[in-house]
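**Student:** coords please:
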Amino acid sequence: MSSISAIPDAEALYTGLLAGVKALLRPETKLVGITSGGAWLVERLQKDLGLPGAPGIISSAMHRDDFARRGLSASAQTSLPFDVNGTDVLLLDDVLYTGRTIRAVLNELFDFGRPACVRLAVLVDRGGRELPVAADFAAAKLTLPDTQLLALARADDGAFSLKVEENK
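**Tutor:** Numbering: from 1, shown residues only. Presented below is the predicted three-dimensional model:
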């Protein structure tokens, strides 16, 4: 992975993510977006791929190891409009970093049942893993200093952009 020299174009990365997710889809796959950036991505992917029904949305809030510090966020809570048992689940997130959100989301998912398979696709893999978590597909790989966060933003017209913020 190379250091970031410029913030990548999120719309161009989305096009890559769309192609990657399409390649990962099986007839029985259900898309599940992680709040909030992954939820934005999954809503658009569901539409752009012409998939029936509503995608799943999952929150990591109740299973985070830093819950005492962060508390409940104002983002959407978990909504899985299908039976998780035996389902092929494709999780979507905007940025994969330490792996802690994915760990929390897996705990949340298993509260709803036992999926047959869980895979992960992300817009950006920025490295820096603290847990053994890997994406099945990443539209881009880059590195940032630990003092910075990479966040997905969504404009009123639905267009995506990435922004770098200082880690508090």
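**Student:** Which helix or strand lies directly C-terminal to the longest helix seen in the chain?
**Tutor:** Identified as the longest helix of the chain according to DSSP state H is helix 10-24. Counting by DSSP states H and E, the next helix or strand C-terminal to helix 10-24 is strand 29-34.
**Student:** partners of that next one, with directions?
**Tutor:** Partner strands and pairing direction for strand 29-34 (DSSP bridges) are strand 56-58 (parallel), strand 88-96 (parallel).
**Student:** Run a quick neighbour tally on the nearest residue to Leu91 once chain neighbours are set aside.
**Tutor:** Leaving aside its sequence neighbours, Leu91 sits nearest to Leu120 (CB to CB, 6 or more residues apart in numbering; 4.8 Å). For the C-beta atoms, the positions are set from N, CA and C on the backbone; glycine is no exception. By the criterion of other CB atoms under 10 Å, Leu120 has 24 neighbours.
**Student:** Quick check: Leu120 vs Asp146, distance?
**Tutor:** 22 Å (CB to CB, to the nearest Å).
**Student:** Over to Asn107?
**Tutor:** Here the criterion is CB to CB. By it, Asn107 lies 25 Å from Asp146.
**Student:** higher neighbour count, these two?
**Tutor:** Between Asn107 and Asp146, counted using other CB under 10 Å, the more crowded position is Asn107 (13 against 10).
**Student:** avg pLDDT for the helix or strand where that one lies?
**Tutor:** Per DSSP H and E: Asn107 is located in helix 100-111. The average of the pLDDT scores along helix 100-111 is 96.
**Student:** Where does the prediction get shaky in the chain?
**Tutor:** Scanning the chain for pLDDT under 70 picks out the ranges 1-5, 66-76.
**Student:** what about 50?
**Tutor:** Scanning the chain for pLDDT under 50 picks out 1-3, 70.
**Student:** Next up, the contacts around Ala104.
**Tutor:** Neighbouring residues of Ala104 by CB atoms under 8 Å, 6 or more residues apart in numbering: 60-65.
**Student:** which of those has the most neighbours?
**Tutor:** In terms of neighbours by other CB under 10 Å, the contacts of Ala104 top out with Ser60 at 25 neighbours.
**Student:** Disregarding residues adjacent in the polypeptide, which is nearest to it?
**Tutor:** Spatial nearest neighbour of Ser60, excluding adjacent residues (CB to CB, 6+ apart): Ala104 at 3.7 Å.
**Student:** Reformat the strands paired with strand 29-34 as JSON lines; add distance to Asp111 and mean neighbour count.
**Tutor:** Compiled in JSON lines, the strands paired with strand 29-34 are given as follows (distance: least, CB to CB, whole Å; neighbours: other CB atoms under 10 Å):
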{"stretch": "strand 56-58", "distance to Asp111": "10", "mean neighbour count": "25"}
{"stretch": "strand 88-96", "distance to Asp111": "13", "mean neighbour count": "24"}
